[in-house]
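Peer 1: next comes the sequence, and after it the predicted model I'd like to discuss.
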2 protein chains.
Amino acid sequence: MTETVISSASKEVVIGFDRPFTVIGERINPSGRKLLAEEMKAGDYSRVAADALAQVAAGAHMLDVNAGIPLADEPRILAEVIQLVQGLTDVPLAIDSSIVAALEAGLSVYQGKALVNSVTGEEERLETVLPLVKKHGAAVVAISNDETGISEDPDVRFAIAKKIVERAEDHGIPRGDVVVDPLVMPVGAIGQAGRQAMAILRRLREELGVNTTCGASNFSFGLPNRHGLNWSFLAMAIGSGLTSAITNPLHAEEMSAVMGANVVMGHDANCAEWIGKFRDSGGGATGATSGRRGGRKGRRAPAQ
Amino acid sequence: MTETVISSASKEVVIGFDRPFTVIGERINPSGRKLLAEEMKAGDYSRVAADALAQVAAGAHMLDVNAGIPLADEPRILAEVIQLVQGLTDVPLAIDSSIVAALEAGLSVYQGKALVNSVTGEEERLETVLPLVKKHGAAVVAISNDETGISEDPDVRFAIAKKIVERAEDHGIPRGDVVVDPLVMPVGAIGQAGRQAMAILRRLREELGVNTTCGASNFSFGLPNRHGLNWSFLAMAIGSGLTSAITNPLHAEEMSAVMGANVVMGHDANCAEWIGKFRDSGGGATGATSGRRGGRKGRRAPAQ
């Protein structure tokens, strides 16, 4: 019964097999958002603040915070943004950077137990990030690539995840505090990406007993109707053991996928969340009830 | 590698683990459709014809045909409807009745290898329906209830399915020609209905090696936004081994769930079906592409 507890100063989130799925909002990230990057670089965090509040209002349980801007002072900006966001919301944060000094700056100002995003299987990363995670009593996202890059072979990705989990334990970090990202590939490029993801998620749960996360939207990269495809992918991934995802909670499809999967997994007691969200939605594509309310039940009566 | 071949005079459909999911259109069924029932009873099959064509146009691979109308001559009507539908479309049919004489009348006029819907685990049903299935070289849906009703215990439902499969073999019907319906319960009434369905679907696949079907919309009975919930349920059920469903192909959500699940399962080569369906759908909820096309890829570059 693996549980990963992440916290802010006043609120805990538990990622776990027998818990509702954890949505980590991805929006506070200047990658591919030129305007946001320019603003953040200039010290204008108004859009960051708006993104934080909007994501929490949309149902995000945690927020990922990334300040990766070329030629900017990432450690300073990341620390400032973390302080700002923690002043605005009470959800726990994932501190997201590939620069160790930025992770350190973020951790040093963070109130609570953060999720460090991320460490890879690269030796140099393992030996710099894991001590930092241990020092701050944080949890960490383990991304299953290493010096050789991202393997297309899911067995290799699983082996790297296993290595990171074991190395974390060597550093005194319990495996409950390692959340593995098995690296979901774009199915438009690798036709077996979906089957691979389902298989590796199942192994991570059954063999390694770890919580998992992913950048769910990678799966649909380059294809039309990405949100529709993300819906099926996310629901199926949750069925295979995925316990959290870094995604955009402002997208109705992804959130419906998660809420529906919670119902299917038995993690929405009395369907209260589902009913609360949709009870007043009336007709139309997202709120219609089926014309045949009993499904096939009617005709299943015994023969007369 | 279980495969269930169903055919019309000119077309085969193969239900199988390594095949795209099979959608069996549920619309030709007077249960709960008062107008349709009255028309069918009066010999007016115009709505049946329209429903047949619309479902095939919407992507149904097979059609379920039911003529269960109180106080009507069900065997005659069912046979007439089957002949009508087979004259209009080339998709194979499921002949759906709880009255053995109606199944017999339907089978006697059917062109091809039909799917008989259904037999239960009740002794009297087993010993009347299975000989009929064998005589006509048909396949059969096995519904996992018996004289004691529908058990809430999924182990009991699995055991009944096993009994039906074994009895069918006693009658010379190979297990490849038995498609098990594990009876999906409404989650609004039974909170563990989703977990139960996933577990029994996995067992039916791994332990019994049979194809499966279900009335997918039963799951969401009584809840708001049924189509949204059906989406997550169907996708997750396909991930757990479901290979066909009796559902309404006119609902965009259910069909998107199936098409997305085919992509995830690697059953849509080069995503050709998905792209063909959605490539021109442009913006908006069903056709939008994500603002961050690369997902989290960008920030995963090694530290500079």
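Peer 2: Nice, thanks for sending it over.

Peer 1: give the contact list for the closest residue to chain B within the stretch 51-200 of chain A.
Peer 2: Residue of the stretch 51-200 of chain A nearest chain B, by Cβ to the nearest Cβ: residue A:194 (3.4 Å). Glycine gets a C-beta too; all of them are placed from N, C-alpha and C. With contacts defined as Cβ atoms under 8 Å, 6 or more residues apart in numbering or on different chains, the neighbours of residue A:194 are A:187, A:219, A:233, A:236, B:263-266.

Peer 1: same check, this time on residue A:1
Peer 2: Contacts of residue A:1 (Cβ under 8 Å, 6+ apart): A:16-18.

Peer 1: just the ones of these in helices?
Peer 2: Using DSSP state H, no member of the contacts of residue A:1 falls within helices.

Peer 1: keep only the residues you listed that also lie close to chain B.
Peer 2: Contacts with chain B are made by none of the contacts of residue A:1, judged by Cβ under 8 Å from any Cβ of the partner chain.

Peer 1: tell me where the stretch 1-150 of chain A has strands.
Peer 2: With strands called from DSSP state E, counting those that start in this stretch, the stretch 1-150 of chain A shows them at A:3-7, A:12-16, A:22-28, A:62-66, A:93-96, A:115-120, A:139-143.

Peer 1: need the ones you listed in CSV (columns: distance to residue A:73, mean pLDDT and mean neighbour count).
Peer 2: Shown next, in CSV, are the strands of the stretch 1-150 of chain A (distance: least, Cβ to Cβ, whole Å; pLDDT from 0 to 100; neighbours: other Cβ atoms under 10 Å in any protein chain shown):
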stretch, distance to residue A:73, mean pLDDT, mean neighbour count
strand A:3-7, 26, 98, 20
strand A:12-16, 30, 98, 19
strand A:22-28, 17, 98, 27
strand A:62-66, 14, 98, 27
strand A:93-96, 16, 98, 28
strand A:115-120, 20, 98, 26
strand A:139-143, 24, 98, 28
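
Peer 1: of those strands, which is nearest residue A:272?
Peer 2: strand A:22-28 (17.3 Å; Cβ to Cβ).

Peer 1: give the bridge partners for the residue lying closest to residue A:115 once chain neighbours are set aside, please.
Peer 2: Leaving out its chain neighbours, the residue that sits closest to residue A:115 by Cβ to Cβ, 6 or more residues apart in numbering or on different chains is residue A:94, at 4.2 Å. Residue A:94 has the following beta-bridge partners by DSSP bridges: residue A:64, residue A:115.

Peer 1: can you pull the contacts of residue A:243?
Peer 2: Per Cβ under 8 Å, 6+ apart, neighbours of residue A:243: A:15-17, A:19, A:21-22, A:179, A:211-213.

Peer 1: now, of the residues you listed, which are buried?
Peer 2: By neighbour count, with 16 or more other Cβ atoms under 10 Å in any protein chain shown, those hold A:15-17, A:19, A:21-22, A:179, A:211-213 as buried.

Peer 1: list the contacts for the nearest residue to residue A:133 once chain neighbours are set aside?
Peer 2: Spatial nearest neighbour of residue A:133, excluding adjacent residues (Cβ to Cβ, 6+ apart): residue A:140 at 4.6 Å. Residues near residue A:140 by Cβ under 8 Å, 6+ apart: A:115-119, A:129-130, A:133, A:168, A:173, A:177-179.

Peer 1: redo that, cut-off 6 Å
Peer 2: Shown here is residue A:140, whose contacts under the criterion Cβ atoms under 6 Å, 6 or more residues apart in numbering or on different chains are A:116, A:119, A:133, A:178.

Peer 1: pull the most distant pair out of those.
Peer 2: A:116 and A:178 (10.2 Å).

Peer 1: tell me where chain A has helices.
Peer 2: Applying DSSP H to chain A gives helices spanning A:34-41, A:46-57, A:74-88, A:100-109, A:123-136, A:154-170, A:193-203, A:226-239, A:252-264, A:272-278.

Peer 1: in the first one, which residues are buried?
Peer 2: Meaning helix A:34-41. A:36-37, A:39-41.

Peer 1: quick check, nearest of the contacts of residue A:194 to residue A:2?
Peer 2: Residue A:2 has its nearest neighbour among those in residue A:236, at 20.7 Å by Cβ to Cβ.

Peer 1: next one: the closest one from residue B:198, what distance?
Peer 2: For residue A:236, the distance to residue B:198 (Cβ to Cβ, to the nearest Å) stands at 11 Å.

Peer 1: flag every residue of the stretch 101-250 of chain A that's near chain B.
Peer 2: A:187-188, A:191-192, A:194-195, A:215, A:217-218, A:223-226, A:228-229, A:231-233, A:235-236, A:239 (Cβ under 6 Å from any Cβ of the partner chain).

Peer 1: who wins on neighbours among the contacts of residue A:194?
Peer 2: residue A:233 (33 neighbours; other Cβ atoms under 10 Å in any protein chain shown).

Peer 1: just checking, it touches residue B:263?
Peer 2: No. Between residue A:233 and residue B:263 there is no contact, the gap being 7.9 Å when judged by Cβ atoms under 6 Å.
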